[in-house]
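Asker: what follows is a predicted structure for the sequence shown.
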Protein chains: 2
Amino acid sequence: MMHVYAFASVPPFAQGLVRDLRVRWALEEAGIPYRVMRVGDGADLSRDEYTKNLQPFGQIPAIEDDGMRLFESGAIVQYIAEQSSKLMPADPQKRAEVLQWMFCALNTIEMPVQNLASIDLFYANEEWAKQRRRGAAEMAEKRLAELARCLEGRAYLAGEFSAADILMTSLLRILRHTDLVARHPVLAEYQKRCEARPAFRRALDGQLGDLEAAA
Amino acid sequence: MMHVYAFASVPPFAQGLVRDLRVRWALEEAGIPYRVMRVGDGADLSRDEYTKNLQPFGQIPAIEDDGMRLFESGAIVQYIAEQSSKLMPADPQKRAEVLQWMFCALNTIEMPVQNLASIDLFYANEEWAKQRRRGAAEMAEKRLAELARCLEGRAYLAGEFSAADILMTSLLRILRHTDLVARHPVLAEYQKRCEARPAFRRALDGQLGDLEAAA
């Protein structure tokens, strides 16, 4: 059975955001069974063991599947998606479009979103962060406005629901401490539509439940 | 013939870094012919037309291939790589490893690298940037040290040269105004090894030559 590695405990501001969530979500959509392995003191393995054997950058998630070890949530979601037509169409042109939006989420959108979120969540009291926040917010707002235009008249990024929507929704969630998504009804409705999927609820309940059980 | 969209002109600090380079490099490795379409005033198409029809975020590159339009350099490089065993192995496990390092380059490594580079290249004179630079440099240094450990004893990221090396080398190049790569001989040698490939030289000469011809 596939093993998904997740932190045994995380601070409240990160609960529901840690990147094992997108992997659990993809697995729930694809109907592939998995077991969560907890990383941390006194858990299934220590962070040192995890960094040494599974993820050289110490980040969550990684997976182990039939002896193969894989990290980077984008690569893992793609690996899972290729096992399910629910997440990745077989048609080469449609498949390329899904890949386009997957990379868009993890590069074009993530860069300004994480930049703003790290100012707010990690550095809010630092003088440089106070000076930089407006510019960082403007960059995130610009990208979200462009993304909103792309989603006008579309339920999902690439036709049917796909792996790209899992990643993009995961990125929009990072801004939950702001009103930036709510300012674009098309984005807010898109996020709500994706998060209403039963597979998302199961994945989120799984992550939050595991963290609560460990607390 | 595949069309690759590139800026008709860019400031000197960006020449040799613009992301059409990685697409040209992949095409040169794969031996796929292409035509460069220049974006800008008085060029093949204006930036407004480009943003409207090809790339909703206005970023370079995009491609057009037999009627299909695709953006995000990671997705384009993957699209090309899937047409060439030189860039992406057929074996599913090895293929997943290449994808892992592609996403690693464009997410785990790019985030701190771009953060530092934008401070240096766009905001160097701003007070917040002066205060933030040390912290941003430390984050980039940490990731480079971890990457260097991954590359110890390896010529390339995933066995043979692959699409992942095209993306990772492109990321390391962004730090050319610093000594951060040079501090890790294993990284400097890796970058040199990748940049010594004839396909890279042709791609770089192509980008620089086109910009010179337009100047």
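Answerer: Looks like it came in fine.

Asker: off-centre distance for the host helix or strand of A:Ile80?
Answerer: Counting by DSSP states H and E, the secondary-structure element that holds A:Ile80 is helix A:73-81. Average the C-alpha atoms of helix A:73-81, do the same for its chain, and the two points are 11 Å apart (C-alpha atoms, centre = their mean, to the nearest Å).

Asker: same check, this time on stretch A:16-25
Answerer: Per C-alpha atoms, centre = their mean, the displacement of stretch A:16-25 from the mean C-alpha position of its chain is 6 Å.

Asker: residues touching that stretch, excluding its own?
Answerer: Residues from elsewhere that reach stretch A:16-25 (C-beta atoms under 8 Å, 6 or more residues apart in numbering or on different chains): A:4-7, A:10, A:34, A:36, A:59-61, A:63, A:73, A:76-77, A:80, A:166-167, A:170, A:173-174, A:176, A:199-200, A:202-204, A:206-208. Yep, even glycine has a C-beta here, placed from its N, CA and C like the rest.

Asker: end to end on that stretch, go ahead and measure it.
Answerer: Chord length of stretch A:16-25, first to last residue, is 12 Å (C-alpha to C-alpha, to the nearest Å).

Asker: the helix holding A:Ile80 near chain B anywhere?
Answerer: Yes: when contact is scored as C-beta under 8 Å from any C-beta of the partner chain, part of helix A:73-81 falls within range of chain B: A:Ser73, A:Gly74, A:Ala75, A:Gln78, A:Tyr79.

Asker: still on that earlier bit, take the contacts of stretch A:16-25 and keep only those in strands.
Answerer: Among the contacts of stretch A:16-25, the subset assigned to strands under DSSP state E consists of A:Val4, A:Tyr5, A:Ala6, A:Phe7, A:Tyr34, A:Val36, A:Ile63.

Asker: just to check, the second one is in contact with A:Gly58?
Answerer: No: proximity of A:Tyr5 to A:Gly58 does not meet the contact threshold set by C-beta atoms under 8 Å, at 11.0 Å.

Asker: mind listing the shared neighbours of the two?
Answerer: Shared contacts of A:Tyr5 and A:Gly58 (C-beta under 8 Å, 6+ apart): A:Tyr50.

Asker: do you know how far the residue in chain A sticking out farthest from the centre is from A:Lys52?
Answerer: Relative to the mean C-alpha coordinate of chain A, counting by C-alpha atoms, centre = their mean, the farthest residue is A:Glu127 (29.6 Å). With the distance defined as C-beta to C-beta, to the nearest Å, A:Glu127 ends up 38 Å from A:Lys52.

Asker: buried subset of the residues of helix A:73-81 next to chain B?
Answerer: The neighbour-count criterion (16 or more other C-beta atoms under 10 Å in any protein chain shown) marks A:Ser73, A:Gly74, A:Ala75, A:Gln78, A:Tyr79 among these as buried.

Asker: how about the nearest residue to the residue farthest from the centre of chain A, chain neighbours excluded?
Answerer: The spatial neighbour of A:Glu127 that comes closest, neighbours along the chain excluded (C-beta to C-beta, 6 or more residues apart in numbering or on different chains), is B:Gln131 at 6.2 Å.

Asker: can I take it that that neighbour is in a helix?
Answerer: Yes: judged by DSSP: H, G, I helix; E, B strand; the rest coil, B:Gln131 forms part of a helix.

Asker: residues contacting it?
Answerer: With contacts taken as C-beta under 8 Å, 6+ apart, B:Gln131 has the following neighbours: A:Glu126, A:Glu127, A:Trp128.

Asker: how about a cut-off of 10 Å?
Answerer: The neighbourhood of B:Gln131, defined by C-beta atoms under 10 Å, 6 or more residues apart in numbering or on different chains, consists of A:Glu126, A:Glu127, A:Trp128, A:Ala129, A:Gln131, A:Arg132.

Asker: make TSV from these and add distance to B:Gln100 to it.
Answerer: Formatted as TSV, these follow (distance: C-beta to C-beta, whole Å):
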residue	distance to B:Gln100
A:Glu126	34
A:Glu127	38
A:Trp128	33
A:Ala129	32
A:Gln131	37
A:Arg132	32
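
Asker: ok, of those, which one's closest to A:Ala105?
Answerer: Relative to A:Ala105, the closest of the contacts of B:Gln131 is A:Arg132; by C-beta to C-beta it sits at 23.6 Å.
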